[in-house]
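S.K.: got a predicted structure here, sequence first:
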Amino acid sequence: MAFNMKFISGIDNIDSNIYRYSIYLKTVTGVLEAISVIESPLIELLRGSASVGQSNLTRFYSVHTFVLPLLINVFILMHFLIIR
């Protein structure tokens with residue numbers, strides 16, 4: 001989770017850093033493709049298409065700014081409830 005949180009602060013200015021994020025997206029999905037357990041349809045679902053484009057970057061932007069912080073907050077809340 002900490003690895004993903006690192007990119008939340010950097011993705012807020014997506015227009016000026018579009019090239020860097022496309023490289024990041026290619027790298028992340030390339031690493032996932034290298035893992036033999038993860039099948040190609042799952043990578044296609046994550047990536048959205050065979051190539052990296054604006055829709056892919058928008059999808060990753062929304063995941064990093066909405067979904068991951070929500071999940072992290074849910075896990076923190078669950079942790080607090082468990083230790084209470």
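M.R.: Yep, that arrived. In this text, all values refer to a predicted model and were calculated from it rather than measured experimentally.

S.K.: flag the shaky bits of this protein, pLDDT-wise.
M.R.: 1-18, 36-39 (pLDDT under 70).

S.K.: now the helices for it?
M.R.: With DSSP state H, the ranges of helices along the chain come out as 2-8, 18-34, 40-47, 54-62, 68-83.

S.K.: just those helices: most buried one?
M.R.: Among these, judged by mean count of other C-beta atoms under 10 Å, the one packed with the most neighbours on average is helix 54-62 (a mean of 15). Quick note: C-beta positions are derived from backbone N, CA and C, even for glycine.

S.K.: so that one versus helix 68-83, what angle?
M.R.: Orientation check (axes from the mean of the first three to the mean of the last three C-alpha atoms, to 10 degrees): helix 54-62 against helix 68-83 gives 30 degrees.

S.K.: what inclination does helix 54-62 have with respect to helix 40-47?
M.R.: With the same axes, to 10 degrees defining the directions, helix 54-62 sits at 80 degrees from helix 40-47.

S.K.: so what's the residue count around His64?
M.R.: 21 (other C-beta atoms under 10 Å).

S.K.: repeat that for the one 3 residues further on.
M.R.: Using other C-beta under 10 Å, Val67 has 11 other residues around it.

S.K.: how close does it get to Pro41?
M.R.: Separation of Val67 from Pro41 (C-beta to C-beta, to the nearest Å): 20 Å.

S.K.: how close does Ser49 sit to Leu70?
M.R.: From Ser49 over to Leu70 the distance is 25 Å, taken as C-beta to C-beta.

S.K.: what does Ser62 give?
M.R.: For Ser62, the distance to Leu70 (C-beta to C-beta) stands at 11 Å.

S.K.: repeat for Ile23
M.R.: Taken as C-beta to C-beta, the span from Ile23 to Leu70 is 26 Å.

S.K.: likewise for Asn56?
M.R.: When distance is defined by C-beta to C-beta, Asn56 is 21 Å away from Leu70.

S.K.: please apply the same query to Gly30.
M.R.: Separation of Gly30 from Leu70 (C-beta to C-beta) stands at 26 Å.
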